[in-house]
Structure formats: C-alpha cells, structure tokens
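> coordinates for the following, if possible.
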Amino acid sequence: MHGKGTGLLVSDIALMNEDGFIKITDRLSRFSKIGGEMVPHGRVEEALHEAAGVDTQVFAVTAVADERRGERLAVLHTFDEEAIPKIVDEIVASGLPKLFAPRRDQFLKVDELPLLGTGKLDLRAAKEIAKDAFATPKRVSPAGEATEPSR
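Numbering: from 1, shown residues only. Take a look at the predicted model:
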C-alpha cells in the first residue's frame with residue numbers, strides 16, 4: 001500500500017474525472033501485454049544483449065499500442081544497424097517464446113538511450129520516443145477527414 005492505506009502503488013498512468021472515475025491511459029512497467037500474454041522487457045533485453053555479445057546496455061525494450069494485439073514490442077538501440085537481422089535470428093533460434101522475439105521492423109536506432117540522472121533507463125522517455133517513431137499514421141479520406149488505417 002502507498003501512504004496510509006489510501007491506494008495501491010502500481011505502474012499505471014491514469015486520469016481521474018470530476019466524478020472520481022479513473023481511466024488507465026498508459027503503463028510504466030517492464031512488461032508488454034501482447035495478445036493476452038505478458039512479455040517481460042527485461043528478459044527480451046537480456047536475450048538481445050546476449051545475442052549481440054555485449055555487456056553494456058545498447059538495447060531498451062518498451063511497448064507501443066497495436067490495433068490487433070493490444071501492444072507490440074519496440075526496441076530502441078545504439079547498436080550496428082546491419083547486425084540487427086542476425087540478432088533477431090539468434091533470438092528466434094534460442095528457444096524463447098515467439099512473442100518475446102521482436103521483429104526486425106520493431107527496432108529504432110537512436111544516438112543514445114534515454115537515461116535518468118541516476119544512470120538508469122528513462123522508461124517514460126523510451127516509451128515516448130518509440131510511440132513517436134512507431135505511431136500508425138492516419139489516412140486522410142477524400143473529404144479531408146482522418147481515418148484509421150486498414151490492415
């Protein structure tokens with residue numbers, strides 16, 4: 001419990017309306033919920049670093065919204081772009097569950113991973129970078145109205 005039993009400390013980001021109803025709008029956790037399954041970001045990062053053969057953090061896994069599956073993985077990285085296909089193949093071959101293996105199009109090269117003043121990964125900033133980069137573009141109808149893309 002948080003404080004004097006007034007609430008539960010969770011990693012959800014929410015809005016409360018004037019009537020006191022809460023709407024969860026986001027999550028600051030190290031898991032993605034993909035098609036009803038929980039995918040731990042730390043385990044995916046561990047596999048990525050192992051496949052890349054590096055000891056320093058060059059991958060940061062977060063989640064972005066996905067129309068069909070709820071969320072999908074997004075990987076920020078500072079690694080050699082040409083090595084990503086081989087790393088993905090190694091993760092797939094490693095025996096991890098299929099949901100844990102990011103697709104090649106889910107990687108985003110960044111100059112540096114966002115860090116907090118403590119040196120830890122800035123989860124909120126990583127999520128925002130991924131959201132901006134992987135946002136599904138809206139189509140414009142002939143009448144000039146934004147529509148959801150068809151898939």
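> for residue 74, what are its contacts?
By C-beta atoms under 8 Å, 6 or more residues apart in numbering, the contact set of residue 74 is 61, 62, 63, 64, 102, 106, 108, 130, 133, 134. The way it works is simple: take the backbone N, C-alpha and C, and place the C-beta from them, glycine included.
> any of the residues you listed buried? List them.
61, 62, 63, 64, 102, 106, 108, 130, 134 (16 or more other C-beta atoms under 10 Å).
> just the ones of those residues in strands?
The strands, defined by DSSP state E, take in 61, 62, 63, 64, 108 from the buried ones among the contacts of residue 74.
> I'd like the contacts of residue 74 as JSON lines, with pLDDT appended.
Output for these, formatted as JSON lines (pLDDT from 0 to 100):
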{"residue": "61", "pLDDT": "95"}
{"residue": "62", "pLDDT": "94"}
{"residue": "63", "pLDDT": "92"}
{"residue": "64", "pLDDT": "93"}
{"residue": "102", "pLDDT": "94"}
{"residue": "106", "pLDDT": "94"}
{"residue": "108", "pLDDT": "97"}
{"residue": "130", "pLDDT": "96"}
{"residue": "133", "pLDDT": "94"}
{"residue": "134", "pLDDT": "90"}
